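Peer 1: pasting the sequence and the predicted coordinates here, then a few questions.
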Amino acid sequence: MTLVTGNDSRPQSLVISDFNNDDLMDIGVVNSHTHNIGIFLGYGNISFANQMAYSTGLYSFPCSMAIGDFNNDTRVDIVFVSYGETVRNGLIGGKAILTGEPVDSINSLSRFWPRASVVAEKLWSSSTTDNNEDALPRFHIHRSRLLELPTYSVI
């Protein structure tokens, strides 16, 4: 069996799952140089439909993918890792100025960590996260984890 992903697409990673809830196994693949995720819907007889390509964004260079029900809607969700320059610039070497305000003579952390959490949320959230309803639960989880740390660390 040969699946066609396109000229110079350079597929990097694949997963097998039932993407369209028809109880037949499908194949998902990340195509690094065509900047997309391809889905091959299964026919149930070891053959598949032609690839349906979904863009991951210009110059995103997806390199790996995973599946799961990440938002608890009983449908398969896809996540991918990208090594494009835009992503690298946002995460690796990203810069943010974090200032602390003294709460008392020795403690500035109660004001520093919330700011660090907000910066982390901005750097690591999806570009579609644009409201507090999406970000606030993660902020509270992150804050709880920081409070449990035996030592302080900078994000």
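Peer 2: Perfect, thanks for sending it. Numbering: from 1, shown residues only.

Peer 1: looking at this, residue 137 is in a helix?
Peer 2: Yes - assignment of residue 137 by DSSP: H, G, I helix; E, B strand; the rest coil places it within a helix.

Peer 1: measure residue 50 to residue 72 for me?
Peer 2: Counting by C-beta to C-beta, to the nearest Å, the gap from residue 50 to residue 72 is 31 Å. In short, each C-beta sits where N, CA and C put it, glycine included.

Peer 1: same check, this time on residue 137
Peer 2: Distance, residue 137 to residue 72, by C-beta to C-beta: 13 Å.

Peer 1: which one of those two has more residues nearby?
Peer 2: residue 137 (10 against 7; other C-beta atoms under 10 Å).

Peer 1: got a pLDDT number for that one?
Peer 2: The model reports residue 137 with a pLDDT of 72.

Peer 1: and what of residue 19?
Peer 2: Residue 19 carries a pLDDT value of 93.

Peer 1: and what of the one 10 residues further on?
Peer 2: Residue 29 carries a pLDDT value of 95.
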